[in-house]
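Asks: The following comprises the amino acid sequence and a computationally predicted model.
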Amino acid sequence: MAVLASGGFTHMALADDNPSSQSMVPSTTLDEPIIVPGTLQKRDAYTCYGTTNTSVADCQKVIDTILADKQKDFTLWPNICAVWNQGTCKVRFCAQPYVTRPVNRSGTWLATYITTPILDGCISKGNMGVYGDNENLNSHAGTYRVWVS
């Protein structure tokens, strides 16, 4: 299901119903270092993972698109994502599948955390990034996740 919203790059989509396919942060093995999430706010966390050829300039265009609606609140129901694509950059802002009320965030909030730490700390170094409001970014805990790849 896809519904086009205002702004050329935005659409809402149902997330995949298969929980195992939603895990965007790879699990570690004994040979790999353990990824320790960084802290954004009181309960928010992020991490960089994998490698990507995503362009910082393309992600900046996504951020500019989001900021065009900076006063707009994005309201997502369980298992729904807002998705922006520009060139090599894809941003997904998703409500976790088991939230009991909608997730509301402003365009300014979303653009701020895409920029720092994800764009500055992950994409610029050749890694994908994810942040959410629970340190266990692979779980369904918390209310949202934002992936930039």
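Replies: The structure has been received and is ready for your questions.
Asks: all contacts plus neighbour counts: C-alpha atoms, from now on.
Replies: Noted.
Asks: was I right about residue 81 contacting residue 96?
Replies: No. Using Cα atoms under 8 Å, residue 81 and residue 96 do not qualify as a contacting pair, with a distance of 9.1 Å.
Asks: and the end-to-end length of stretch 76-94?
Replies: Terminal residues of stretch 76-94 lie 7 Å apart, using Cα to Cα, to the nearest Å.
Asks: swap that for stretch 45-57, please
Replies: One end of stretch 45-57 sits 24 Å from the other (Cα to Cα).
Asks: Quick one: the helices in the chain, in order.
Replies: Taking DSSP state H to define them, one finds helices in the chain at 19-22, 56-68, 107-113.
Asks: and the last one, what's its mean pLDDT?
Replies: Predicted confidence along helix 107-113 averages 91 (mean pLDDT).
Asks: For that helix, list every residue counted as buried.
Replies: For helix 107-113, the buried set under the neighbour-count rule, 16 or more other Cα atoms under 10 Å, comprises 107-108, 110-111, 113.
Asks: just these now: which is nearest residue 57?
Replies: Of all these, the one with the least separation from residue 57 (Cα to Cα) is residue 111, at 14.1 Å.
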